[in-house]
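Novice: With the sequence up front, the predicted model follows.
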Amino acid sequence: MAMGTQTRAVIALILTYAVLGMLMNSVGVVILQSIRHYGVTKTHASSLEACKDLSVVIASFLLATRLPKFGFRRALIASMTLVGIGALLMSVANAFWMTQLFFVLTGICFGTGKVATYASIGLLRPDRAGHASLTGLVEGVFMVGVLIGVWMFSWFIGADATGTEWLRVYWLIAGLCAVAAGLWAITPIDESKAEPESAAAKSAGWQQMLRLLALPTAIAFLVSIFFYVLIEQSIGTWLPTFNNEILHLPPEMSVQASSIFVAAIAIGRLGASALLRRIHWLKLMLACIVCIAALVLLTLPTTQGLTLRPGVGWLNAPIAAYVFPLIGVFMAPIYPTLCSVMLTSLPQERHAAMVGLMVIFSALGGTIGSFLTGMIFQHLSGQNAFYMTLVPLTLIAIALIRFDRMIGRGAGSAMPAAA
């Protein structure tokens, strides 16, 4: 592939993934707007998380094995086109049912786009160093897309005088989708190496996925991943609403302040990569869990009894608006570290099946976490909703200790015999 074509492909890849990240992580903002403008309950609004995550699971099950034949480039063009059309419909429909439908569409396109993105990275940079470098760039831009999305949505919300003008943000999103799809349309890539050689090769991933579920290490790992994403999505999704209803921040500032959590996750992942060279991964993970619990227990009591005040801004906001999101620094290393430890304990040919399980359990954890948090927020309080994160946090610590012991005994190296 010519250098100019490869550069175009890399730009198209990171733009596509950034747009998908922006939309996937906008669910917390849209939940807040749905409660304010569509009058839905918190429990009903939490269905948006299910619409997003369950469609990711469905896409992973039904579409992933068909993408090599369909074509990764075509899949990315189709994803951007469909999301762009959905964004245009969102901007004019002004209804909660359309919001639900849009997140279903977003989830399907993200599930498809993530598989196509990672497969395309291997095609563009097949060497180990190049692959790692491009993967880091793509994931880094993903977080940048999330941050830009938070501030972009908050700007449109702040300029919203009628309750519907904030939907104009989707015109901008549709434009980004059109640019990404257009870049892919003029950027061919050689996908011949990704095509399966036989029918047996196509079904091998499904067989390995089912057999991996019999491994004790896989069970401990997937339990940890499930509960981690449950916590992360619970906080990330409901933090804008918590800022607005509990801390009494203005709507646009409620959204902007939630970006502290996203930035904290980015900082935590960069910092952990250096610490893991010097500290055993389990010690670091357990220390992070202790710090998360301490921040929850120390910060949430300061949010009791707060009342609505005029003129609240960045200089006089409650301290919890700045301190509570910092738990993202300590949450950040858990997911990538666990994934790395699990994958490096397995032979290379089993990685694809394990990644499929990771996506599915992550999506289920996000859906259940958001729904439970929404119910507790609705019927008890926002503080109790976030206090409940201590329960899965404890379960993660127990699962991590078990996981480390089994990895040490080599329990992850033996694959059950095929039926």
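Specialist: Nice, thanks for sending it over.

Novice: My guess is residue 265 contacts residue 228. True?
Specialist: No - using CB atoms under 8 Å, residue 265 makes no contact with residue 228, being 11.8 Å away. Just so you know, the C-beta spots here come from the backbone N, C-alpha and C atoms, and that holds for glycine as well.

Novice: low pLDDT regions in the stretch 301-419 of the chain?
Specialist: 340, 343-344, 346-353, 355, 409-419 (pLDDT under 70).

Novice: hey, where'd the helices end up in it?
Specialist: Remark: helices assigned in the stretch 301-419 of the chain by DSSP state H, counting those that start in this stretch are 320-323, 327-331, 334-344, 351-379, 382-387, 390-408.

Novice: Could you dump the ones you listed into TSV and include distance to residue 108?
Specialist: Formatted as TSV, these follow (distance: least, CB to CB, whole Å):
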stretch	distance to residue 108
helix 320-323	35
helix 327-331	27
helix 334-344	23
helix 351-379	12
helix 382-387	29
helix 390-408	27
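
Novice: and those helices as a markdown table, adding mean neighbour count?
Specialist: Shown next, in a markdown table, are the helices of the stretch 301-419 of the chain (neighbours: other CB atoms under 10 Å):
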| stretch | mean neighbour count |
| --- | --- |
| helix 320-323 | 18 |
| helix 327-331 | 24 |
| helix 334-344 | 19 |
| helix 351-379 | 21 |
| helix 382-387 | 20 |
| helix 390-408 | 18 |
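
Novice: nearest to residue 90, of those helices?
Specialist: helix 351-379 (19.7 Å; CB to CB).

Novice: Can you name every helix or strand that the closest one contacts?
Specialist: Applying 3 or more CB pairs under 8 Å, 6 or more residues apart in numbering; DSSP states H and E, we find helix 351-379 packed against helix 42-45, helix 47-62, helix 96-124, helix 199-212, helix 216-245, helix 334-344, helix 382-387.

Novice: Out of these, point me to the one whose mean pLDDT is lowest.
Specialist: Of all the helices and strands packed on helix 351-379, the minimum mean pLDDT falls on helix 199-212 (a mean of 59).

Novice: What's the separation between the residue nearest to residue 339 when sequence neighbours are not counted and residue 115?
Specialist: Nearest residue to residue 339, sequence neighbours excluded (CB to CB, 6 or more residues apart in numbering): residue 358, at 6.4 Å. Distance of residue 358 to residue 115, given as CB to CB, to the nearest Å: 12 Å.

Novice: got it, and residue 92?
Specialist: In terms of CB to CB, residue 92 sits 31 Å off from residue 115.

Novice: repeat for residue 22
Specialist: 19 Å.

Novice: and the helix or strand where residue 263 lies, what's its mean pLDDT?
Specialist: Take DSSP states H and E as the rule and residue 263 turns out to sit in helix 251-275. Averaging pLDDT along helix 251-275 yields 78.

Novice: again, but for stretch 8-25
Specialist: For stretch 8-25, mean pLDDT is 88.

Novice: For the residue nearest to residue 218 when sequence neighbours are not counted, the count of nearby residues, please.
Specialist: Distances taken as CB to CB, 6+ apart place residue 212 nearest to residue 218, at 4.8 Å, with adjacent residues excluded. Residue 212 has 23 neighbours, counted by other CB atoms under 10 Å.

Novice: ok, residue 212 touching residue 358?
Specialist: No - using CB under 8 Å, residue 212 is not in contact with residue 358; the gap is 10.5 Å.

Novice: what's the spacing between the residue nearest to residue 29 when sequence neighbours are not counted and residue 53?
Specialist: Excluding its sequence neighbours, the residue lying closest to residue 29 (CB to CB, 6+ apart) is residue 153, at 4.6 Å. Separation of residue 153 from residue 53 (CB to CB): 20 Å.

Novice: more neighbours, these two?
Specialist: Neighbours were counted for residue 153 and for residue 53 using other CB under 10 Å; residue 53 has more, 29 against 25.

Novice: Now do the closest residue to residue 58 other than its chain neighbours: how many residues are near it, please.
Specialist: Ranked by CB to CB, 6+ apart and with sequence neighbours excluded, the top spatial neighbour of residue 58 is residue 108, at 6.9 Å. If you count neighbours by other CB under 10 Å, residue 108 ends up with 22.
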